[in-house]
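Trainee: just to be clear, the model below is a prediction. Sequence and coordinates:
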Amino acid sequence: MPFVDDQHYLYPRNAASDLTPNDTQKVTLIVAGCYVIAIAILWHVPFLSWIIYPFKYVDARLSFLVLAR
């Protein structure tokens with residue numbers, strides 16, 4: 001029977017416990033989700049889009065600046 005090195009065996013792991021966010025990460029995910037929803041609303045509502053216009057303008061200028069280098 002051939003020698004088998006135990007270091008190279010794959011051991012089962014519990015992915016649910018490895019991928020579960022802690023309390024700080026949960027708060028961060030909730031805040032990021034709220035930002036995404038707020039930006040989506042501001043982006044698509046014609047009257048409210050002027051609130052986000054300066055940020056859209058700065059974002060476009062920064063992306064052009066980065067791509068030009």
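Mentor: Nice, I can see it.
Trainee: average pLDDT across stretch 38-55?
Mentor: Across stretch 38-55, the average pLDDT comes to 88.
Trainee: which residues are in contact with it?
Mentor: Applying Cβ atoms under 8 Å, 6 or more residues apart in numbering, the external contacts of stretch 38-55 come out as Lys56. No exception for glycine: its C-beta is placed from N, CA and C like everyone else's.
Trainee: send me the longest helix seen in the chain as PDB with only the CA atoms.
Mentor: The residue-count maximum for a helix in the chain (DSSP state H) belongs to helix 23-44. Extracted as PDB, the C-alpha positions of helix 23-44 are listed here (Å, rounded to 0.1, in the frame of the first residue of the first chain):
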ATOM      1  CA  ASP A  23     -21.500  42.500  14.400                       C
ATOM      2  CA  THR A  24     -19.300  45.300  12.900                       C
ATOM      3  CA  GLN A  25     -19.500  43.700   9.400                       C
ATOM      4  CA  LYS A  26     -23.300  43.500   9.700                       C
ATOM      5  CA  VAL A  27     -23.600  47.200  10.500                       C
ATOM      6  CA  THR A  28     -21.200  48.000   7.600                       C
ATOM      7  CA  LEU A  29     -23.300  45.900   5.200                       C
ATOM      8  CA  ILE A  30     -26.500  47.600   6.300                       C
ATOM      9  CA  VAL A  31     -25.100  51.100   5.900                       C
ATOM     10  CA  ALA A  32     -23.700  50.200   2.500                       C
ATOM     11  CA  GLY A  33     -27.000  48.800   1.400                       C
ATOM     12  CA  CYS A  34     -28.800  52.000   2.600                       C
ATOM     13  CA  TYR A  35     -26.300  54.100   0.600                       C
ATOM     14  CA  VAL A  36     -26.900  52.000  -2.500                       C
ATOM     15  CA  ILE A  37     -30.700  52.400  -2.200                       C
ATOM     16  CA  ALA A  38     -30.500  56.100  -1.500                       C
ATOM     17  CA  ILE A  39     -28.200  56.700  -4.500                       C
ATOM     18  CA  ALA A  40     -30.400  54.600  -6.800                       C
ATOM     19  CA  ILE A  41     -33.400  56.700  -5.800                       C
ATOM     20  CA  LEU A  42     -31.600  60.000  -6.200                       C
ATOM     21  CA  TRP A  43     -30.100  58.800  -9.500                       C
ATOM     22  CA  HIS A  44     -33.400  57.900 -11.200                       C
END
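Trainee: many thanks, I have nothing further to ask.
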